[in-house]
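Engineer: Give the three-dimensional model of this entry:
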Amino acid sequence: MFKKVNSIIFKVTLLFIFSLICFVAFVIYFITLEISQEDSIIEQRYNTIIYSIDDTIHNGGDLNIVKTYLNNIGFFEVKNKDIMEENTQQYFLIHSITSILTVNIKKINRHYYIVLYDMINDKHFAYTDYKEPMSYTNYYYIAVIGLITIVFFYIIVLNSLLPLILLRQEVEKFSNGDMNIKTISDNGDEISKLSEEFTKAANKLNEVNQARILFLRSIMHELKTPITKGRIVVEMIENNKVKTRLNSVFTRLNDIINDLARLEEITTKNYKIDKSSFRIIDLMQNINKMLIIDGDRPKNVILEDREAKISADFYLMSLSVKNLVDNATKHSSNHRVSIFVENNDLVVKNKGEPFKHDLEQYFKPFYNDGSKNDKRGLGLGMYIIKNTLEAQGFKLEYKYEDNHHFFYIKDCIIST
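Structural biologist: Predicted coordinates for the structure are as follows:
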């Protein structure tokens with residue numbers, strides 16, 4: 001409802017209806033006023049004639065003198081019995097009564113009559129100088145032309161605004177990752193220019209995006225080639241411990257490249273979210289496989305609520321929590337991390353110094369907080385965390401309390 005009220009088209013339509021009502025009301029008022037003024041002038045003239053007849057009778061005039069007076073001023077007799085009858089629906093404006101003659105003014109359907117009643121002979125006489133009332137046809141023509149003009153301009157304005165709906169749809173398509181944007185208007189007005197500029201910008205971004213994708217894929221392809229060669233060389237090493245360690249390193253490098261490829265899909269909205277239900281312990285086992293774990297690493301990660309269930313995309317949640325745990329372990333002052341459930345949130349907690357800058361700064365890719373510590377991290381890691389969680393519809397909240405960092409993945413727990 002509020003969207004409709006805030007719509008420009010709705011407001012223009014409302015303005016059109018209001019203008020139409022005001023115009024019709026003005027036309028009716030104007031014509032009614034003109035008719036009223038015309039009737040008022042006629043009534044004043046007839047009243048003046050009545051007063052003259054009344055003076056004539058009081059000065060000794062009779063019926064014939066009155067008739068002659070009326071004929072001289074342009075009146076003529078009307079033979080219409082309906083006018084004479086008292087029960088005729090009519091409007092008595094004024095009347096004059098003498099001992100020999102009664103004079104009335106009657107208005108019937110905007111026609112005015114002077115009715116004389118000869119009291120001696122019991123006869124009625126009706127006189128009028130009737131002329132066709134002023135024609136208001138021209139006013140009605142003007143009113144119709146005005147209405148047509150208002151409707152015409154409303155249609156023109158509406159036709160100019162309708163492309164906004166199509167433009168909004170194109171913007172929605174663009175925001176959802178569809179780069180096939182078309183120009184929706186060629187009227188030459190401001191909306192048409194806006195559409196053209198938006199199409200140009202979208203096409204340019206599409207070209208830049210395609211170039212970026214090609215560049216990233218080329219780099220990832222070139223990186224995988226030496227990794228594959230490295231694996232082949234590792235197989236020639238006789239020391240099984242060294243071979244296993246190097247294999248895990250190459251596997252990890254390959255996984256990092258795959259993670260970057262998946263992150264690229266997420267940021268370009270080409271990744272299909274596949275949510276499922278799984279336990280925290282299953283999630284952590286997968287994270288342990290993704291991490292290059294030192295011998296004492298499992299002892300440093302305290303996992304509570306192992307059987308609590310999460311509803312999320314298993315791969316993306318693994319990537320999010322893996323980066324949280326990895327960063328928390330690196331930056332913890334005691335190298336310990338706690339993972340537990342609070343209400344419907346998954347919480348990652350570690351002890352450490354407060355951040356030097358606002359957390360939002362660390363969400364930027366490759367952000368450097370100025371620290372010379374080799375473990376400064378948090379740049380790409382936090383960027384991955386933010387994007388992978390938002391892609392699943394989750395929110396990351398943070399607080400620092402009692403020398404501890406708390407990261408909350410909101411509303412991902414479905415049962416404990």
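
Engineer: Show me where the stretch 151-300 of the chain has its helices.
Structural biologist: 163-175, 190-234, 240-267, 280-290, 297-300 (DSSP state H, counting those that start in this stretch).

Engineer: Tell me which other helices or strands the longest one touches.
Structural biologist: On a contact count with 3 or more Cβ pairs under 8 Å, 6 or more residues apart in numbering; DSSP states H and E, helix 190-234 meets helix 163-175, helix 240-267. C-beta here means a position set from N, CA and C on the backbone, and glycine is covered the same way.

Engineer: need these in JSON lines with mean neighbour count, distance to residue 16 and mean pLDDT, can you?
Structural biologist: Listed next are the helices and strands packed on helix 190-234 as JSON lines, based on neighbours: other Cβ atoms under 10 Å; distance: least, Cβ to Cβ, whole Å; pLDDT from 0 to 100:
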{"stretch": "helix 163-175", "mean neighbour count": "15", "distance to residue 16": "17", "mean pLDDT": "78"}
{"stretch": "helix 240-267", "mean neighbour count": "15", "distance to residue 16": "45", "mean pLDDT": "75"}
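
Engineer: Let's have these in JSON lines, adding distance to residue 77.
Structural biologist: Listed next are the helices and strands packed on helix 190-234 as JSON lines, based on distance: least, Cβ to Cβ, whole Å:
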{"stretch": "helix 163-175", "distance to residue 77": "71"}
{"stretch": "helix 240-267", "distance to residue 77": "99"}
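
Engineer: Of all these, which one is nearest residue 149?
Structural biologist: Residue 149 lies closest to helix 163-175 among those, at 23.4 Å (Cβ to Cβ).

Engineer: Make sure residue 339 is indeed in a strand.
Structural biologist: Yes. Applying DSSP: H, G, I helix; E, B strand; the rest coil, one finds residue 339 inside a strand.

Engineer: Skipping adjacent residues, who's closest to it in space?
Structural biologist: For residue 339, ignoring the flanking residues on the chain, the nearest one in space by Cβ to Cβ, 6 or more residues apart in numbering is residue 303 at 5.1 Å.

Engineer: can you name the farthest residue from the center of the protein?
Structural biologist: Computed with Cα atoms, centre = their mean, the maximum C-alpha offset from the centroid of the chain is found at residue 60, amounting to 84.9 Å.

Engineer: What helix or strand is it located in?
Structural biologist: Residue 60 is part of no helix or strand when elements are defined by DSSP states H and E.

Engineer: Pipe the helices of the stretch 151-300 of the chain into CSV and attach distance to residue 28 per row.
Structural biologist: Shown next, in CSV, are the helices of the stretch 151-300 of the chain (distance: least, Cβ to Cβ, whole Å):
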stretch, distance to residue 28
helix 163-175, 35
helix 190-234, 37
helix 240-267, 63
helix 280-290, 75
helix 297-300, 87
